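[1] have a look at this fold, sequence not included:
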Ligand SMILES: Nc1nc2c(ncn2[C@@H]2O[C@H](COP(=O)(O)OP(=O)(O)O)[C@@H](O)[C@H]2O)c(=O)[nH]1
Ligand SMILES: Nc1ncnc2c1ncn2[C@@H]1O[C@H](COP(=O)(O)OP(=O)(O)O)[C@@H](O)[C@H]1O
(Lines give C-alpha, C1' and ligand atoms only; values in the text may rest on other atoms or scores of the structure.)
(Ligands and ions follow the chains in the order given, each with its own letter.)
Protein backbone atom coordinates (compact mmCIF):
# COMPACT_ATOMS: atom_id res chain seq x y z
CA UNK A 1 0.00 0.00 0.00
CA UNK A 2 1.10 3.52 -0.72
CA UNK A 3 0.28 6.08 1.92
CA UNK A 4 -0.12 9.68 0.92
CA UNK A 5 0.06 11.24 4.38
CA UNK A 6 2.64 13.76 3.23
CA UNK A 7 0.34 15.00 0.51
CA UNK A 8 -2.25 16.24 2.97
CA UNK A 9 -2.05 19.65 4.49
CA UNK A 10 -2.81 20.88 7.99
CA UNK A 11 -6.10 19.84 9.53
CA UNK A 12 -7.84 19.01 6.29
CA UNK A 13 -9.98 15.90 6.82
CA UNK A 14 -8.13 12.86 5.58
CA UNK A 15 -7.80 9.11 5.95
CA UNK A 16 -5.45 9.44 8.93
CA UNK A 17 -7.41 11.77 11.17
CA UNK A 18 -10.23 9.49 12.21
CA UNK A 19 -11.83 12.21 14.28
CA UNK A 20 -12.61 14.03 11.06
CA UNK A 21 -15.41 12.54 9.03
CA UNK A 22 -15.43 8.81 9.54
CA UNK A 23 -14.03 6.09 7.42
CA UNK A 24 -12.10 7.20 4.41
CA UNK A 25 -9.85 5.71 1.78
CA UNK A 26 -7.72 7.47 -0.78
CA UNK A 27 -6.81 6.40 -4.26
CA UNK A 28 -4.19 8.09 -6.40
CA UNK A 29 -4.94 8.45 -10.11
CA UNK A 30 -2.32 10.46 -11.98
CA UNK A 31 -1.90 13.78 -10.23
CA UNK A 32 -5.15 13.44 -8.28
CA UNK A 33 -6.03 11.76 -5.01
CA UNK A 34 -9.64 10.67 -4.66
CA UNK A 35 -10.68 10.65 -1.01
CA UNK A 36 -13.74 8.44 -0.62
CA UNK A 37 -15.68 8.37 2.62
CA UNK A 38 -17.22 10.52 5.27
CA UNK A 39 -20.57 12.10 4.77
CA UNK A 40 -21.64 13.63 1.52
CA UNK A 41 -21.98 17.41 1.75
CA UNK A 42 -25.61 18.00 1.06
CA UNK A 43 -26.89 14.48 1.71
CA UNK A 44 -25.47 13.23 4.98
CA UNK A 45 -26.61 9.65 4.46
CA UNK A 46 -24.40 9.15 1.38
CA UNK A 47 -20.66 8.67 1.06
CA UNK A 48 -18.75 11.77 -0.01
CA UNK A 49 -16.00 12.12 -2.60
CA UNK A 50 -13.32 14.82 -2.61
CA UNK A 51 -10.37 15.24 -4.92
CA UNK A 52 -6.96 16.55 -3.90
CA UNK A 53 -5.03 17.91 -6.87
CA UNK A 54 -1.35 17.27 -6.12
CA UNK A 55 -0.09 19.76 -8.70
CA UNK A 56 -2.18 22.74 -7.58
CA UNK A 57 -2.39 21.46 -3.97
CA UNK A 58 -6.06 22.28 -3.92
CA UNK A 59 -9.17 20.37 -2.87
CA UNK A 60 -11.90 19.97 -5.47
CA UNK A 61 -15.54 19.08 -4.83
CA UNK A 62 -16.54 17.18 -7.97
CA UNK A 63 -20.02 16.82 -9.42
CA UNK A 64 -21.11 13.38 -8.25
CA UNK A 65 -23.47 11.54 -10.62
CA UNK A 66 -25.32 8.25 -10.19
CA UNK A 67 -26.81 6.54 -7.16
CA UNK A 68 -24.53 7.17 -4.20
CA UNK A 69 -23.82 4.39 -1.70
CA UNK A 70 -25.08 4.99 1.84
CA UNK A 71 -22.57 5.70 4.60
CA UNK A 72 -21.19 2.49 6.09
CA UNK A 73 -18.96 1.52 9.00
CA UNK A 74 -16.02 1.04 6.69
CA UNK A 75 -15.03 0.21 3.17
CA UNK A 76 -12.03 -0.75 1.12
CA UNK A 77 -11.14 0.63 -2.26
CA UNK A 78 -9.14 -0.73 -5.20
CA UNK A 79 -8.23 1.08 -8.42
CA UNK A 80 -9.23 -0.77 -11.62
CA UNK A 81 -7.68 0.01 -15.02
CA UNK A 82 -6.83 3.54 -13.87
CA UNK A 83 -10.32 4.82 -14.56
CA UNK A 84 -12.61 3.41 -11.90
CA UNK A 85 -12.46 2.45 -8.27
CA UNK A 86 -14.08 -0.63 -6.77
CA UNK A 87 -15.45 0.17 -3.33
CA UNK A 88 -16.37 -2.75 -1.08
CA UNK A 89 -18.52 -1.78 1.88
CA UNK A 90 -18.12 -3.85 5.04
CA UNK A 91 -20.95 -4.95 7.28
CA UNK A 92 -23.27 -5.57 4.37
CA UNK A 93 -24.60 -8.30 2.13
CA UNK A 94 -23.14 -9.12 -1.27
CA UNK A 95 -26.19 -7.72 -3.09
CA UNK A 96 -25.43 -4.22 -1.82
CA UNK A 97 -21.76 -3.96 -0.88
CA UNK A 98 -20.04 -3.58 -4.26
CA UNK A 99 -19.87 -0.11 -5.78
CA UNK A 100 -17.91 1.41 -8.62
CA UNK A 101 -16.72 5.01 -8.64
CA UNK A 102 -15.86 6.05 -12.18
CA UNK A 103 -13.15 8.70 -12.33
CA UNK A 104 -11.79 8.62 -15.88
CA UNK A 105 -14.03 6.45 -18.07
CA UNK A 106 -15.25 7.76 -21.47
CA UNK A 107 -18.59 8.59 -19.77
CA UNK A 108 -16.77 10.76 -17.20
CA UNK A 109 -14.64 12.50 -19.83
CA UNK A 110 -17.76 13.31 -21.84
CA UNK A 111 -19.56 14.65 -18.77
CA UNK A 112 -16.55 16.79 -17.78
CA UNK A 113 -16.41 18.27 -21.27
CA UNK A 114 -20.12 19.13 -21.18
CA UNK A 115 -20.10 20.53 -17.64
CA UNK A 116 -16.64 22.13 -17.55
CA UNK A 117 -15.78 20.75 -14.12
CA UNK A 118 -14.55 17.57 -12.41
CA UNK A 119 -17.07 14.73 -12.47
CA UNK A 120 -17.17 11.33 -10.78
CA UNK A 121 -20.03 8.84 -11.05
CA UNK A 122 -21.20 5.96 -8.89
CA UNK A 123 -22.73 2.76 -10.14
CA UNK A 124 -23.91 -0.13 -8.03
CA UNK A 125 -22.18 -3.45 -8.67
CA UNK A 126 -24.60 -6.31 -9.24
CA UNK A 127 -23.73 -10.01 -9.07
CA UNK A 128 -24.80 -12.10 -12.06
CA UNK A 129 -26.14 -10.94 -15.36
CA UNK A 130 -29.37 -10.34 -17.23
CA UNK A 131 -29.91 -10.65 -20.95
CA UNK A 132 -29.11 -7.69 -23.19
CA UNK A 133 -31.77 -4.99 -23.36
CA UNK A 134 -33.56 -4.62 -26.71
CA UNK A 135 -33.71 -1.23 -28.41
CA UNK A 136 -36.54 -0.93 -30.96
CA UNK A 137 -36.67 2.07 -33.30
CA UNK A 138 -38.64 3.00 -36.37
CA UNK A 139 -40.91 5.74 -37.67
CA UNK A 140 -44.15 6.66 -35.97
CA UNK A 141 -46.97 4.29 -36.97
CA UNK A 142 -44.73 1.46 -38.20
CA UNK A 143 -45.97 -0.94 -35.50
CA UNK A 144 -43.32 -0.80 -32.74
CA UNK A 145 -45.88 -0.57 -29.96
CA UNK A 146 -47.94 -3.40 -31.45
CA UNK A 147 -44.91 -5.73 -31.68
CA UNK A 148 -43.73 -4.83 -28.18
CA UNK A 149 -47.12 -5.47 -26.59
CA UNK A 150 -47.16 -8.83 -28.38
CA UNK A 151 -43.92 -9.80 -26.64
CA UNK A 152 -45.09 -8.52 -23.26
CA UNK A 153 -48.36 -10.46 -23.55
CA UNK A 154 -46.83 -13.72 -24.72
CA UNK A 155 -43.88 -13.61 -22.32
CA UNK A 156 -45.21 -11.71 -19.31
CA UNK A 157 -42.45 -12.64 -16.86
CA UNK A 158 -39.60 -12.35 -19.35
CA UNK A 159 -39.75 -8.78 -20.53
CA UNK A 160 -40.17 -5.37 -18.96
CA UNK A 161 -40.83 -2.11 -20.77
CA UNK A 162 -38.59 0.90 -20.19
CA UNK A 163 -41.10 3.64 -19.36
CA UNK A 164 -39.76 6.83 -20.96
CA UNK A 165 -40.31 10.41 -19.88
CA UNK A 166 -41.96 12.76 -22.35
CA UNK A 167 -43.22 16.32 -22.49
CA UNK A 168 -45.96 15.45 -25.01
CA UNK A 169 -49.58 15.39 -23.83
CA UNK A 170 -51.05 11.96 -23.07
CA UNK A 171 -53.29 10.26 -25.62
CA UNK A 172 -56.74 9.25 -24.47
CA UNK A 173 -55.92 5.74 -23.28
CA UNK A 174 -52.40 6.41 -22.06
CA UNK A 175 -51.63 6.08 -18.36
CA UNK A 176 -48.97 8.08 -16.57
CA UNK A 177 -46.18 5.79 -15.29
CA UNK A 178 -47.27 2.92 -17.55
CA UNK A 179 -47.00 4.18 -21.13
CA UNK A 180 -44.88 7.22 -20.29
CA UNK A 181 -43.91 9.41 -17.37
CA UNK A 182 -45.59 12.59 -18.59
CA UNK A 183 -43.41 15.48 -17.44
CA UNK A 184 -43.05 19.25 -17.47
CA UNK A 185 -40.31 20.43 -19.79
CA UNK A 186 -38.58 22.41 -17.01
CA UNK A 187 -38.56 19.40 -14.65
CA UNK A 188 -37.27 17.09 -17.35
CA UNK A 189 -34.56 19.54 -18.40
CA UNK A 190 -33.36 19.82 -14.80
CA UNK A 191 -33.28 16.04 -14.41
CA UNK A 192 -31.30 15.72 -17.64
CA UNK A 193 -28.78 18.21 -16.22
CA UNK A 194 -28.55 16.16 -13.02
CA UNK A 195 -27.50 13.15 -15.09
CA UNK A 196 -30.66 11.12 -14.47
CA UNK A 197 -31.10 10.18 -18.13
CA UNK A 198 -29.38 7.50 -20.13
CA UNK A 199 -30.41 9.31 -23.33
CA UNK A 200 -32.85 11.97 -24.47
CA UNK A 201 -33.90 13.56 -27.75
CA UNK A 202 -36.27 16.10 -29.20
CA UNK A 203 -38.77 14.13 -31.31
CA UNK A 204 -41.68 15.66 -33.26
CA UNK A 205 -41.26 18.85 -31.20
CA UNK A 206 -41.36 17.17 -27.78
CA UNK A 207 -38.68 16.01 -25.40
CA UNK A 208 -38.39 12.24 -24.86
CA UNK A 209 -35.89 10.46 -22.65
CA UNK A 210 -34.98 7.18 -21.00
CA UNK A 211 -34.07 7.57 -17.35
CA UNK A 212 -31.32 5.39 -15.94
CA UNK A 213 -33.86 4.15 -13.41
CA UNK A 214 -36.37 3.11 -16.12
CA UNK A 215 -33.92 0.57 -17.52
CA UNK A 216 -32.39 -0.57 -14.26
CA UNK A 217 -35.64 -1.34 -12.40
CA UNK A 218 -36.54 -3.78 -15.17
CA UNK A 219 -33.15 -5.50 -15.00
CA UNK A 220 -33.22 -5.49 -11.17
CA UNK A 221 -36.49 -7.44 -11.41
CA UNK A 222 -34.62 -10.03 -13.49
CA UNK A 223 -36.40 -9.11 -16.72
CA UNK A 224 -35.11 -8.26 -20.16
CA UNK A 225 -35.68 -4.59 -20.87
CA UNK A 226 -37.32 -3.30 -24.08
CA UNK A 227 -36.75 0.32 -25.12
CA UNK A 228 -38.99 1.99 -27.73
CA UNK A 229 -36.91 5.04 -28.70
CA UNK A 230 -36.13 7.07 -31.81
CA UNK A 231 -32.96 6.81 -33.93
CA UNK A 232 -31.18 9.68 -32.11
CA UNK A 233 -31.87 7.91 -28.83
CA UNK A 234 -30.62 4.61 -30.23
CA UNK A 235 -27.39 6.35 -31.25
CA UNK A 236 -26.93 7.71 -27.72
CA UNK A 237 -27.59 4.31 -26.16
CA UNK A 238 -25.04 2.76 -28.55
CA UNK A 239 -22.47 5.24 -27.23
CA UNK A 240 -23.43 4.57 -23.60
CA UNK A 241 -22.34 1.79 -21.26
CA UNK A 242 -25.55 -0.17 -21.94
CA UNK A 243 -24.83 -3.21 -24.08
CA UNK A 244 -28.03 -3.77 -26.10
CA UNK A 245 -29.45 -5.34 -29.28
CA UNK A 246 -30.64 -2.71 -31.78
CA UNK A 247 -33.59 -3.48 -34.05
CA UNK A 248 -35.04 -1.13 -36.68
CA UNK A 249 -38.61 -1.61 -37.90
CA UNK A 250 -39.42 -0.39 -41.42
CA UNK A 251 -42.81 -0.12 -43.13
CA UNK A 252 -43.43 -2.03 -46.40
CA UNK A 253 -43.97 1.37 -48.07
CA UNK A 254 -44.36 5.02 -47.18
CA UNK A 255 -48.01 4.92 -48.27
CA UNK A 256 -48.74 2.03 -45.92
CA UNK A 257 -47.05 3.94 -43.06
CA UNK A 258 -49.28 6.95 -43.71
CA UNK A 259 -52.33 4.67 -43.85
CA UNK A 260 -51.52 3.12 -40.45
CA UNK A 261 -50.81 6.46 -38.85
CA UNK A 262 -54.15 7.83 -40.03
CA UNK A 263 -56.04 4.66 -39.10
CA UNK A 264 -54.67 4.84 -35.56
CA UNK A 265 -56.41 8.20 -35.25
CA UNK A 266 -54.41 9.40 -32.25
CA UNK A 267 -52.85 12.53 -33.80
CA UNK A 268 -54.14 15.73 -35.35
CA UNK A 269 -53.57 16.33 -39.08
CA UNK A 270 -50.73 18.72 -38.24
CA UNK A 271 -49.07 16.14 -35.99
CA UNK A 272 -49.48 13.44 -38.65
CA UNK A 273 -47.77 15.69 -41.22
CA UNK A 274 -44.89 16.34 -38.85
CA UNK A 275 -44.49 12.61 -38.12
CA UNK A 276 -44.52 11.76 -41.83
CA UNK A 277 -41.86 14.38 -42.57
CA UNK A 278 -39.67 12.98 -39.81
CA UNK A 279 -40.35 9.42 -40.97
CA UNK A 280 -38.44 9.99 -44.23
CA UNK A 281 -35.32 11.07 -42.37
CA UNK A 282 -35.68 8.26 -39.82
CA UNK A 283 -35.98 5.64 -42.56
CA UNK A 284 -32.82 6.98 -44.21
CA UNK A 285 -30.87 6.95 -40.94
CA UNK A 286 -32.21 3.55 -39.94
CA UNK A 287 -30.97 1.99 -43.17
CA UNK A 288 -27.67 3.75 -43.62
CA UNK A 289 -26.19 4.36 -40.21
CA UNK A 290 -24.90 0.84 -39.48
CA UNK A 291 -26.36 1.49 -36.07
CA UNK A 292 -28.85 -1.36 -36.09
CA UNK A 293 -28.06 -5.04 -35.71
CA UNK A 294 -31.32 -6.06 -37.41
CA UNK A 295 -33.78 -4.47 -39.82
CA UNK A 296 -37.28 -5.93 -39.88
CA UNK A 297 -39.98 -4.99 -42.38
CA UNK A 298 -43.40 -4.93 -40.73
CA UNK A 299 -45.57 -5.94 -43.67
CA UNK A 300 -47.61 -8.87 -42.44
CA UNK A 301 -47.79 -8.43 -38.66
CA UNK A 302 -47.72 -12.12 -37.84
CA UNK A 303 -44.61 -12.91 -39.87
CA UNK A 304 -42.81 -9.78 -38.62
CA UNK A 305 -43.56 -10.80 -35.03
CA UNK A 306 -42.26 -14.30 -35.75
CA UNK A 307 -39.02 -12.86 -37.18
CA UNK A 308 -38.63 -10.67 -34.11
CA UNK A 309 -38.98 -13.70 -31.85
CA UNK A 310 -36.37 -15.55 -33.92
CA UNK A 311 -33.89 -12.68 -33.52
CA UNK A 312 -34.45 -12.75 -29.77
CA UNK A 313 -33.96 -16.51 -29.63
CA UNK A 314 -37.45 -17.07 -28.31
CA UNK A 315 -38.49 -20.64 -28.83
CA UNK A 316 -41.62 -22.42 -27.72
CA UNK A 317 -41.55 -23.34 -24.07
CA UNK A 318 -39.09 -20.66 -22.94
CA UNK A 319 -41.22 -18.14 -21.08
CA UNK A 320 -38.90 -16.69 -18.45
CA UNK A 321 -35.64 -14.76 -18.60
CA UNK A 322 -32.50 -16.85 -18.27
CA UNK A 323 -30.96 -15.43 -15.11
CA UNK A 324 -29.39 -17.04 -12.10
CA UNK A 325 -29.67 -15.53 -8.68
CA UNK A 326 -26.34 -15.71 -6.83
CA UNK A 327 -26.21 -16.79 -3.22
CA UNK A 328 -25.97 -13.92 -0.73
CA UNK A 329 -22.96 -13.68 1.55
CA UNK A 330 -22.20 -11.30 4.41
CA UNK A 331 -19.02 -9.28 4.20
CA UNK A 332 -17.73 -8.00 7.54
CA UNK A 333 -16.16 -4.57 8.10
CA UNK A 334 -12.85 -6.27 8.78
CA UNK A 335 -11.68 -7.63 5.47
CA UNK A 336 -8.53 -7.47 3.38
CA UNK A 337 -8.56 -6.86 -0.33
CA UNK A 338 -5.95 -7.71 -2.97
CA UNK A 339 -6.16 -7.34 -6.70
CA UNK A 340 -4.68 -9.69 -9.25
CA UNK A 341 -5.59 -8.98 -12.86
CA UNK A 342 -9.38 -9.08 -13.04
CA UNK A 343 -9.79 -10.83 -9.69
CA UNK A 344 -10.20 -9.33 -6.25
CA UNK A 345 -9.37 -11.52 -3.28
CA UNK A 346 -11.49 -10.63 -0.27
CA UNK A 347 -10.14 -12.08 2.93
CA UNK A 348 -12.68 -11.81 5.74
CA UNK A 349 -11.96 -11.77 9.44
CA UNK A 350 -9.21 -9.87 11.33
CA UNK A 351 -5.83 -11.28 10.49
CA UNK A 352 -4.87 -11.95 14.15
CA UNK A 353 -7.79 -14.32 14.50
CA UNK A 354 -7.38 -15.87 11.13
CA UNK A 355 -8.35 -19.52 11.13
CA UNK A 356 -8.47 -22.06 8.38
CA UNK A 357 -12.25 -21.74 8.48
CA UNK A 358 -12.21 -18.01 7.68
CA UNK A 359 -13.95 -17.10 4.49
CA UNK A 360 -12.03 -15.99 1.50
CA UNK A 361 -13.88 -14.87 -1.57
CA UNK A 362 -12.83 -14.10 -5.08
CA UNK A 363 -14.69 -11.36 -6.89
CA UNK A 364 -14.19 -11.98 -10.59
CA UNK A 365 -14.49 -8.80 -12.66
CA UNK A 366 -13.60 -10.27 -16.04
CA UNK A 367 -17.20 -10.23 -17.33
CA UNK A 368 -18.19 -6.75 -16.22
CA UNK A 369 -20.99 -5.09 -18.18
CA UNK A 370 -22.50 -1.65 -17.99
CA UNK A 371 -21.37 1.03 -15.60
CA UNK A 372 -22.27 4.60 -14.70
CA UNK A 373 -24.80 6.10 -15.00
CA UNK A 374 -26.53 2.68 -14.66
CA UNK A 375 -25.47 -0.42 -12.76
CA UNK A 376 -22.28 -2.38 -13.25
CA UNK A 377 -23.37 -5.98 -13.78
CA UNK A 378 -21.66 -9.29 -14.39
CA UNK A 379 -19.79 -9.57 -11.09
CA UNK A 380 -19.03 -13.13 -10.04
CA UNK A 381 -18.34 -13.95 -6.40
CA UNK A 382 -17.15 -17.34 -5.22
CA UNK A 383 -15.46 -18.90 -2.21
CA UNK A 384 -11.83 -19.96 -2.53
CA UNK A 385 -10.48 -23.06 -0.86
CA UNK A 386 -10.08 -21.99 2.78
CA UNK A 387 -8.05 -25.00 3.86
CA UNK A 388 -4.73 -23.74 2.59
CA UNK A 389 -2.78 -20.73 3.80
CA UNK A 390 -1.64 -19.81 0.35
CA UNK A 391 -4.47 -18.87 -1.97
CA UNK A 392 -4.14 -19.46 -5.67
CA UNK A 393 -6.19 -16.76 -7.22
CA UNK A 394 -5.54 -17.43 -10.85
CA UNK A 395 -3.05 -20.28 -10.75
CA UNK A 396 -0.19 -17.90 -11.35
CA UNK A 397 0.28 -16.03 -8.13
CA UNK A 398 0.06 -17.03 -4.51
CA UNK A 399 -0.87 -14.48 -1.92
CA UNK A 400 0.59 -14.74 1.54
CA UNK A 401 -1.82 -13.70 4.28
CA UNK A 402 -1.37 -10.15 5.46
CA UNK A 403 -1.40 -9.48 9.17
CA UNK A 404 -2.39 -6.64 11.49
CA UNK A 405 -3.94 -4.59 8.75
CA UNK A 406 -7.21 -2.83 9.28
CA UNK A 407 -8.77 -1.69 6.05
CA UNK A 408 -10.63 1.19 7.71
CA UNK A 409 -7.31 2.91 8.24
CA UNK A 410 -5.81 1.87 4.99
CA UNK A 411 -5.14 3.44 1.69
CA UNK A 412 -5.07 0.73 -0.90
CA UNK A 413 -3.69 1.08 -4.34
CA UNK A 414 -3.66 -1.43 -7.12
CA UNK A 415 -0.72 -3.50 -8.16
CA UNK A 416 -1.00 -2.04 -11.63
CA UNK A 417 1.56 0.52 -12.64
CA UNK A 418 4.04 -0.29 -9.90
CA UNK A 419 7.58 -1.09 -10.91
CA UNK A 420 8.68 -4.72 -10.79
N1 LIG B 1 -34.97 9.18 -27.83
C2 LIG B 1 -36.11 8.73 -27.32
N3 LIG B 1 -37.15 8.55 -28.13
C4 LIG B 1 -38.29 8.07 -27.57
C5 LIG B 1 -38.43 7.79 -26.20
N6 LIG B 1 -39.67 7.34 -25.96
C7 LIG B 1 -40.30 7.33 -27.15
N8 LIG B 1 -39.48 7.78 -28.13
C9 LIG B 1 -39.75 7.90 -29.56
O10 LIG B 1 -40.51 9.03 -29.78
C11 LIG B 1 -41.28 8.85 -30.95
C12 LIG B 1 -42.70 9.30 -30.70
O13 LIG B 1 -43.31 8.47 -29.75
P14 LIG B 1 -44.85 8.60 -29.45
O15 LIG B 1 -45.15 10.02 -29.13
O16 LIG B 1 -45.21 7.59 -28.40
O17 LIG B 1 -45.54 8.28 -30.84
P18 LIG B 1 -45.67 6.94 -31.70
O19 LIG B 1 -44.33 6.38 -31.98
O20 LIG B 1 -46.33 7.44 -32.93
O21 LIG B 1 -46.55 6.00 -30.94
C22 LIG B 1 -41.13 7.37 -31.32
O23 LIG B 1 -40.19 7.27 -32.38
C24 LIG B 1 -40.57 6.74 -30.09
O25 LIG B 1 -39.76 5.63 -30.41
C26 LIG B 1 -37.28 8.00 -25.38
O27 LIG B 1 -37.27 7.79 -24.18
N28 LIG B 1 -36.17 8.49 -25.99
N1 LIG C 1 -48.23 -5.21 -39.82
C2 LIG C 1 -49.25 -4.36 -39.66
N3 LIG C 1 -50.21 -4.29 -40.60
C4 LIG C 1 -51.24 -3.44 -40.46
N5 LIG C 1 -51.41 -2.60 -39.43
C6 LIG C 1 -50.50 -2.61 -38.45
C7 LIG C 1 -49.37 -3.49 -38.53
N8 LIG C 1 -48.60 -3.26 -37.43
C9 LIG C 1 -49.23 -2.30 -36.71
N10 LIG C 1 -50.36 -1.92 -37.31
C11 LIG C 1 -51.29 -0.84 -36.88
O12 LIG C 1 -50.68 0.39 -37.21
C13 LIG C 1 -50.95 1.38 -36.22
C14 LIG C 1 -49.64 1.93 -35.67
O15 LIG C 1 -49.00 0.93 -34.89
P16 LIG C 1 -48.24 1.27 -33.55
O17 LIG C 1 -47.85 -0.01 -32.92
O18 LIG C 1 -49.05 2.22 -32.75
O19 LIG C 1 -46.96 2.03 -34.15
P20 LIG C 1 -45.72 2.79 -33.44
O21 LIG C 1 -45.69 2.32 -32.02
O22 LIG C 1 -44.54 2.37 -34.24
O23 LIG C 1 -46.03 4.23 -33.59
C24 LIG C 1 -51.79 0.70 -35.16
O25 LIG C 1 -53.15 1.05 -35.38
C26 LIG C 1 -51.54 -0.78 -35.39
O27 LIG C 1 -52.68 -1.54 -35.03
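    Okay, I see it. The shown structure was predicted, so the numbers you read here are calculated from the model rather than taken from an experiment. Ligands and ions are numbered 1, 2, ... in the order given.

[2] going by C-alpha atoms from here, please, whenever you check contacts or count neighbours.
    OK.

[3] so what's residue 127 closest to, chain neighbours aside?
    Nearest residue to residue 127, sequence neighbours excluded (Cα to Cα, 6 or more residues apart in numbering): residue 379, at 4.5 Å.

[4] contacts for stretch 244-264, please.
    132-144, 234, 238, 272, 276, 283, 286, 291-299 (Cα atoms under 8 Å, 6 or more residues apart in numbering).

[5] give the buried residues for it.
    By 16 or more other Cα atoms under 10 Å, the buried positions in stretch 244-264 come out as 244, 245, 246, 247, 248, 249, 250, 251, 257, 258, 261.

[6] hey, what's the fourth one bridged with?
    Think residue 247. Beta-bridge pairing for residue 247 (DSSP bridges): residue 136, residue 294.

[7] any stretches of the stretch 1-150 of the chain with poor pLDDT?
    1-22, 41-44 (pLDDT under 70).

[8] just to revisit the earlier point, which of the buried residues of stretch 244-264 lies closest to ligand 2?
    residue 261 (5.7 Å; Cα to the nearest ligand atom).

[9] so that closest one sits in a helix?
    Yes: counting by DSSP: H, G, I helix; E, B strand; the rest coil, residue 261 is located in a helix.

[10] for residue 205, see how far away the spatially most central residue of the chain is.
    With distances taken as Cα atoms, centre = their mean, residue 374 lies nearest the centre of the chain, 2.2 Å away. Residue 374 is 27 Å from residue 205, where distance means Cα to Cα, to the nearest Å.

[11] isn't the residue nearest to the centre of the chain up against residue 123?
    Yes: between residue 374 and residue 123 there is a contact under Cα atoms under 8 Å: 5.9 Å.

[12] what touches both of the two?
    residue 66.

[13] follow-up on the earlier one: now, the contacts of stretch 244-264 that are in strands?
    Assigned to strands by DSSP state E, the following of these qualify: 134, 135, 136, 137, 294, 295, 296, 297.

[14] residues touching the second one, list them.
    It refers to residue 135. Taking Cα under 8 Å, 6+ apart, one finds 226, 227, 228, 229, 234, 244, 245, 246, 247 in contact with residue 135.

[15] need these in JSON lines with distance to residue 327 and pLDDT, can you?
    Shown next, in JSON lines, are the contacts of residue 135 (distance: Cα to Cα, whole Å; pLDDT from 0 to 100):
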{"residue": "226", "distance to residue 327": "27", "pLDDT": "98"}
{"residue": "227", "distance to residue 327": "30", "pLDDT": "98"}
{"residue": "228", "distance to residue 327": "33", "pLDDT": "98"}
{"residue": "229", "distance to residue 327": "35", "pLDDT": "98"}
{"residue": "234", "distance to residue 327": "35", "pLDDT": "97"}
{"residue": "244", "distance to residue 327": "26", "pLDDT": "96"}
{"residue": "245", "distance to residue 327": "29", "pLDDT": "97"}
{"residue": "246", "distance to residue 327": "32", "pLDDT": "98"}
{"residue": "247", "distance to residue 327": "34", "pLDDT": "98"}
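
[16] longest helix anywhere in the protein?
    helix 269-288 (DSSP state H).

[17] hmm, who's touching it?
    Under Cα under 8 Å, 6+ apart, the answer for helix 269-288 is 138, 139, 140, 204, 231, 248, 250, 258, 261, 262, 292, 295.

[18] from residue 241, how far off is the residue nearest to residue 145 when sequence neighbours are not counted?
    Nearest residue to residue 145, sequence neighbours excluded (Cα to Cα, 6+ apart): residue 228, at 7.7 Å. Using Cα to Cα, residue 228 is found at 18 Å from residue 241.

[19] what of residue 111?
    Distance from residue 111 to residue 241, by Cα to Cα: 13 Å.

[20] touching, residue 297 and residue 306? I think so.
    No: assessed by Cα under 8 Å, residue 297 is found out of contact with residue 306, at 11.7 Å.

[21] which one of the two has more residues nearby?
    The neighbour comparison of residue 297 against residue 306 (other Cα atoms under 10 Å) goes to residue 297, with 17 against 13.

[22] any idea of the mean pLDDT for whatever helix or strand residue 210 lives in?
    Per DSSP states H and E, residue 210 falls inside strand 206-211. The average pLDDT for strand 206-211 rounds to 98.

[23] quick one: distance of that strand to the chain centre.
    Distance of strand 206-211 from the chain centroid (Cα atoms, centre = their mean, to the nearest Å) equals 18 Å.

[24] which outside residues touch it?
    162-168, 185, 196-202, 233.

[25] list only buried entries from these.
    162-168, 196-201, 233.

[26] excluding sequence neighbours, find me the nearest residue to residue 147.
    Nearest one to residue 147, counting by Cα to Cα, 6+ apart, is residue 305 at 6.2 Å.

[27] what is the burial count for that neighbour?
    If we define neighbours as other Cα under 10 Å, then residue 305 has 18 of them.

[28] helix, strand, or coil at it?
    helix.

[29] quick check: it vs residue 246, distance?
    With Cα to Cα as the criterion, residue 305 and residue 246 are 16 Å apart.

[30] what of residue 150?
    The value you get for residue 150 to residue 246, if Cα to Cα is used, is 18 Å.

[31] and residue 379, by the same measure?
    24 Å.

[32] which stretches in the stretch 251-400 of the chain count as strands?
    For the stretch 251-400 of the chain, the strands defined by DSSP state E, counting those that start in this stretch occupy 294-297, 330-331, 335-340, 343-348, 360-364, 369-370, 376-383, 391-392, 398-399.

[33] redo those strands as a markdown table? Include distance to ligand 2.
    Formatted as a markdown table, the strands of the stretch 251-400 of the chain follow (distance: least, Cα to the nearest ligand atom, whole Å):
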| stretch | distance to ligand 2 |
| --- | --- |
| strand 294-297 | 9 |
| strand 330-331 | 45 |
| strand 335-340 | 48 |
| strand 343-348 | 44 |
| strand 360-364 | 41 |
| strand 369-370 | 27 |
| strand 376-383 | 30 |
| strand 391-392 | 54 |
| strand 398-399 | 57 |
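
[34] done for today, thanks.
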